[in-house]
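Trainee: Got a predicted model here, sequence first, then my questions.
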Amino acid sequence: MSSFLTSVRGYIPALQVTLAGFIGFIPLMTLPLMVGVLVEYQQYSQKVAGTVSAAQLFGVSMGILLLSRYTLRYGLKNNVSYAALFVLVIEIISLVFESLAALYVFRFLSGLGGGVVAGCTYTWLGNSRDPDRGFGLFLLIQFLVGALLLYVLPLGLERFGADIIKLPFLCFALLAILFSAAFKGGDNNNSELISFRKILTAKGAIPALLAVGLFELAMSLVWAQVERLGSSWQLSAAAISQALALATLAGLLGALLVVLVGVKLGRALSIAIGVGIIVMVLLSLVTYSPSLIIFIISMVLFNIAWSFTVPYLQGVQASLGAGAGVVCLGAFVITVSLALGPALSGFLVAAYGFLGAVIAAVILLALCLYAVRCAIKSQRNPVGLNTGNADVITVHK
């Protein structure tokens, strides 16, 4: 019994850290809802909705960069405390400003603070005794809480209005401040700032980073518009929110498949399988007759393939041998790509409809596969057939 309690206590700090770090992923997990609220409740155009969402995601990427390049030396606990307090103040002040310019500024600043906290979470988990389980727990938190938000927030829209979308940021900012003490001592060996220039000179680094960046750009480009797609199919708001919540939970299956399969098939084939499923899903969305069952199945498969493919793309990065630095740089590339997706999709959908977003995503996925081929070919182990799962880093989408 005592050993069981000791084991449970050992997970409490990791749980606190991952719950705090989720504040950096709220913009991504609620992305379809955010775009829908901006268009339907605040009467902004598709372009504006996309660029506002992109501003917050870009803020997250800048927060990660800020931490890794400048503020890491001050310790994780201090970074988390001040960044979370910053988010809390920004979200409260934003409640009294309604102009479009203020919307851009406050979304970016909120993302900036959230990015610093998320970066601290990655650093803490990377320095933990069991980083694989830590990253797995972070992934679990993102899917579970993300699904909960996608289900619950739409229920409050009719009663409380568009400001309900800011509630998760306020709650998780308070949670991050409360749990900031858990970060103490988790920044061992990280006082030295990361040299991105040194990482980029590693053989295969640029195509490996391009691969994951192109993939995430394609995925966020589509993910930002799925709520609007459901609305155009005349699906009810409740049905759309339930479908997206289910799809987000289903993403856990993709991560589980990575754990079960490992690198037995090789990274290149595993990535190709994931991308192939995604392309089939995208084509089904523009060829089949609109229906709720098609929407649900497509979104479920989309998220499973998403969470299945990303760990292998990050495995390609990890095999470069540049340590935590390449993971940090990879996280920056991912968040920048996720930020560009909503902005690009807003312009494409406004000009060409959802078909334009699908065509762009398919092209980006094809370029991703080519970058993967170049990255793996440039490394010593051309097919990535390692004997274990240590090089498959399981983090979010």
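Mentor: All right, it came through fine. Just so we're clear, the structure is a prediction, and the values are computed from it rather than from any experiment.
Trainee: how near is M62 to G50?
Mentor: For M62, the distance to G50 equals 18 Å [C-beta to C-beta, to the nearest Å]. The C-beta positions use only the backbone N, C-alpha and C, and glycine is treated the same way.
Trainee: Just the helices from the stretch 251-397 of the chain, written as ranges.
Mentor: Here the stretch 251-397 of the chain has its helices, by DSSP state H, counting those that start in this stretch, at 267-287, 292-318, 324-352, 354-377.
Trainee: rank these by mean pLDDT and give me the bottom one.
Mentor: Ranked on mean pLDDT, the bottom entry among those is helix 324-352, at a mean of 79.
Trainee: and that one, what does it pack onto?
Mentor: Contact partners of helix 324-352 among helices and strands, from 3 or more C-beta pairs under 8 Å, 6 or more residues apart in numbering; DSSP states H and E: helix 31-40, helix 46-66, helix 100-126, helix 196-200, helix 205-223, helix 292-318, helix 354-377.
Trainee: Can you give me the buried ones in it?
Mentor: Across helix 324-352, burial judged by 16 or more other C-beta atoms under 10 Å covers 324-349.
Trainee: Where does Q43 sit: helix, strand or coil?
Mentor: Three-state call for Q43 (DSSP: H, G, I helix; E, B strand; the rest coil): coil.
Trainee: what's the burial count for it?
Mentor: Neighbours of Q43 under the rule other C-beta atoms under 10 Å: 8.
Trainee: quick one: it from V52, how far?
Mentor: From Q43 to V52 the distance is 13 Å (C-beta to C-beta).
Trainee: residue ranges with poor pLDDT in this protein?
Mentor: Along the chain, segments meeting pLDDT under 70 span 1-10, 68-72, 126, 130-133, 135-136, 185-203, 259, 318-328, 379-397.
Trainee: Give me the domain ranges for it.
Mentor: Using automatic domain parsing, the domain parsing of the chain gives 1-189, 194-397.
Trainee: if I pick V35, what's in contact with it?
Mentor: With contact taken as C-beta atoms under 8 Å, 6 or more residues apart in numbering, V35 is in contact with Q46, A49, G50, S53, A224, Q225, E227, R228, P342, G346.
Trainee: Among these, which one lies nearest to I90?
Mentor: Distances from I90 to the contacts of V35, taken as C-beta to C-beta, are shortest for S53 (16.3 Å).
Trainee: nearest to P154, of the helices and strands packed on helix 324-352?
Mentor: helix 31-40 (6.7 Å).
Trainee: Between helix 205-223 and the closest one, find me the angle.
Mentor: The directions of helix 31-40 and helix 205-223 differ by 50 degrees, with axes from the mean of the first three to the mean of the last three C-alpha atoms, to 10 degrees as the criterion.
Trainee: chain center to helix 31-40: distance?
Mentor: Offset of helix 31-40 from its chain centre (C-alpha atoms, centre = their mean, to the nearest Å): 17 Å.
Trainee: Repeat that for stretch 81-92.
Mentor: 21 Å.
Trainee: mind checking the backbone torsions on Q234?
Mentor: Backbone torsions for Q234, taken as degrees, to the nearest 10, come to phi 70, psi 30.
Trainee: Report the separation between it and M34.
Mentor: 22 Å.
Trainee: likewise T287?
Mentor: 28 Å.
Trainee: Neighbour count: the two, which is higher?
Mentor: Comparing T287 with M34 by other C-beta under 10 Å, the one with more neighbours is M34, at 26 against 9.
Trainee: between the helices of the stretch 251-397 of the chain, which gets nearest to L148?
Mentor: Comparing the helices of the stretch 251-397 of the chain by C-beta to C-beta, helix 292-318 comes nearest, at 15.0 Å.
Trainee: Tell me how far stretch 220-229 lies from the chain's centre.
Mentor: Here stretch 220-229 is found 14 Å from its chain centre; the criterion is C-alpha atoms, centre = their mean.
Trainee: sorry, back to before: of M62 and G50, which one has the most company?
Mentor: Set M62 next to G50 and count neighbours by other C-beta under 10 Å: G50 wins out with 30 against 20.
Trainee: The more buried one touches P342, doesn't it?
Mentor: Yes - if you go by C-beta atoms under 8 Å, G50 and P342 touch, sitting 4.3 Å apart.
Trainee: Give me the common contacts of these two.
Mentor: V35, A224.
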